[in-house]
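Trainee: I'll drop the sequence and a predicted model, then ask my questions.
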Amino acid sequence: MEILDLRHFSSADLRPLLEDEVAMWGRLLSWDYSTSAEMILRYMDAKILPGYAAIERGSIFGYSFFVYEQSKGVIGDLFVRDSAGDPARGSGRHEVEERLLTHVIETLQQSPGIHRVEAQLLTHHTGEVSQPFLQQGFSRHPRVFMNFEIGKHPQTAPPLPPQFEIRGWSEQEYQAAAALITAAYRGHVDSEINDQYRTLTGSLRFLNNIVRFPGCGTFDPQASFVVVDRRTRMLIGLILCSLVRPDVGHITQVCVLPEYRSAGLGEAMLAASTRNLRGRGFHFISLTVTEANDRAIALYKRIGFESTRVFDAFVWEG
Ligand SMILES: CC(C)(COP(=O)(O)OP(=O)(O)OC[C@H]1O[C@@H](n2cnc3c(N)ncnc32)[C@H](O)[C@@H]1OP(=O)(O)O)[C@@H](O)C(=O)NCCC(=O)NCCS
């Protein structure tokens, strides 16, 4: 088994492995990963995707890639085929995953100008591949993948207090939404995991990624809403939804300004997205939440979301 630079290969070399990965995302997370896979293949052919491939008898059976975002490196993915290697020779799947990660981590930590590395490995169970990260000084934040089965729950929407108005997402909200995200995540554990939340420019970049790029599903403006305080006209709450499968919506963001919390706005926004998706015949809604975010988890569970997996987010600051 060899580990080689991903840029030596073309999309034709990686395609069979990505087909297996698309099947795995569908099975584990009810998530159609094919749009992301196509994007990865386009980047491969442009020779601009940094990462490593695990090769045996000339073919790729595992890979990991990363992207640079200014002074940050983000590990985009890690996938090794289930039947990888020969455990008897000590090159089982787990060992290959760790070797790929070690290469990626070393490359990023040694890249000039890179002061931060982030990774979220949704398809790996918590602790499963933590060794290479912890050895290199990363911190680990367990996160929960939750699922809501729309047909199992009747629509119960508590009325919104009259001083608030809920309305559909529109592109005009961009600046105000970025300001809201920055304020909502000040001092929050999620801004340890994703440093974009810490600044207005970062929050705008986050929004741009969610709304304009297909990396985390396809943005769905119809199931995305904002809440406005009628008195001040200020944006005080936000829920964003993307489609990750034709019948599955994924909440990519939900937040409320600190001074407006515990008044039912979070629940009202989740109900609005659910009502919209239900009306369009969707079956499931998923989301991810940091395990330490007790209040958010309590709210999701009360509504009917169920935990399906726990995975890890890793962060390193040099
Ligand atoms: C998670 C979050 C969106 C919840 O929003 P919220 O508007 O406070 O949510 P709700 O008011 O609907 O429900 C939350 C709480 O209010 C209570 N509540 C609901 N309706 C209420 C009412 N009419 N009066 C008083 N309390 C009420 C709920 O029982 C719940 O109890 P808790 O305060 O013990 O947790 C908000 O806390 C937030 O923005 N957090 C920071 C960002 C974040 O963590 N987002 C989630 C990332 S996955």
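Mentor: Great, that's in hand.
Trainee: what's around the residue in the stretch 151-300 of the chain that the ligand sits nearest to, how many residues?
Mentor: Closest approach of the stretch 151-300 of the chain to the ligand (CB to the nearest ligand atom) occurs at G266, with a separation of 2.5 Å. Glycine gets a C-beta too; all of them are placed from N, C-alpha and C. Using other CB atoms under 10 Å, the number of residues around G266 comes to 22.
Trainee: from what I can see it touches L257, true?
Mentor: No: contact criterion CB atoms under 8 Å: G266 and L257 do not qualify, at 11.3 Å.
Trainee: against K72, how distant is A268?
Mentor: According to CB to CB, to the nearest Å, A268 stands 34 Å off from K72.
Trainee: tell me where the chain has strands.
Mentor: Counting by DSSP state E, the chain has strands at residues 2-5, 51-56, 59-69, 72-80, 116-121, 139-149, 164-168, 218-219, 225-229, 235-245, 248-256, 284-290, 306-317.
Trainee: show me the contacts for the spatially most central residue of the chain.
Mentor: Central residue of the chain (CA atoms, centre = their mean): C216, 6.3 Å from the mean position. Residues in contact with C216, defined by CB atoms under 8 Å, 6 or more residues apart in numbering, are 209-210, 242, 244, 250, 252.
Trainee: farthest pair within the residues you listed?
Mentor: Based on CB to CB, the longest span within the contacts of C216 runs between N209 and V244 and measures 14.8 Å.
Trainee: contacting residues for the residue nearest to D13 when sequence neighbours are not counted?
Mentor: Nearest-residue entry for D13: I60, 5.5 Å, with adjacent residues in sequence omitted and distances by CB to CB, 6 or more residues apart in numbering. The contact partners of I60, by CB under 8 Å, 6+ apart, come to 9, 13-14, 16-17, 53-54.
Trainee: PyMOL command to pick out the buried ones of these?
Mentor: Selection of buried members from these for PyMOL, criterion 16 or more other CB atoms under 10 Å:
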select buried, resi 9+13+14+17+53+54
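Trainee: the contacts of I60 also near the ligand: which ones?
Mentor: By CB under 6 Å from any ligand atom, no member of the contacts of I60 lies near the ligand.
Trainee: buried sites along stretch 54-61?
Mentor: 54-56, 60-61.
Trainee: closest one of those residues to the ligand?
Mentor: Ranked by distance to the ligand (CB to the nearest ligand atom), the buried residues of stretch 54-61 are led by A54 at 33.3 Å.
Trainee: contacting residues around the nearest residue to the closest one once chain neighbours are set aside?
Mentor: Counting by CB to CB, 6+ apart, A54 lies nearest to G62, which is 3.6 Å off, once chain neighbours are set aside. G62 is in contact with 17, 53-54, 79-81, 84, 93, 96-97, 100, counting by CB under 8 Å, 6+ apart.
Trainee: most neighbours out of those, which is it?
Mentor: Within these, most neighbours by other CB under 10 Å means A54, with 28 neighbours.
Trainee: can you name the residues bridging to it?
Mentor: I3, G62 (DSSP bridges).
Trainee: pretty sure it is touching L78, no?
Mentor: No: A54 lies out of contact with L78 (CB under 8 Å); the separation is 10.5 Å.
Trainee: shared neighbours of these two, anything?
Mentor: 63, 100.
Trainee: against R302, how distant is the nearest residue to V22 once chain neighbours are set aside?
Mentor: Closest residue to V22 apart from its sequence neighbours, by CB to CB, 6+ apart: Y33 at 4.7 Å. Separation of Y33 from R302 (CB to CB) stands at 30 Å.
Trainee: which ones are touching E173?
Mentor: 226, 235, 238.
Trainee: can you do 7 Å?
Mentor: Neighbouring residues of E173 by CB atoms under 7 Å, 6 or more residues apart in numbering: 226, 235.
Trainee: pLDDT score assigned to it?
Mentor: For E173, the model assigns a pLDDT of 91.
Trainee: and P87, by the same measure?
Mentor: For P87, the predicted pLDDT is 50.
Trainee: ok, which residues in the stretch 51-200 of the chain are in contact with the ligand?
Mentor: Where the stretch 51-200 of the chain comes near the ligand, counting by CB under 6 Å from any ligand atom, the residues are 184, 188.
Trainee: any weak-confidence spans in the stretch 51-200 of the chain?
Mentor: For the stretch 51-200 of the chain, applying pLDDT under 70 flags the ranges 84-91.
Trainee: who's the nearest residue to G237 once chain neighbours are set aside bridged to?
Mentor: Spatial nearest neighbour of G237, chain neighbours left out: V227 (3.5 Å); criterion: CB to CB, 6+ apart. Going by DSSP bridges, V227 is paired in beta bridges with I166, G237.
Trainee: V227: how many residues sit nearby?
Mentor: 24.
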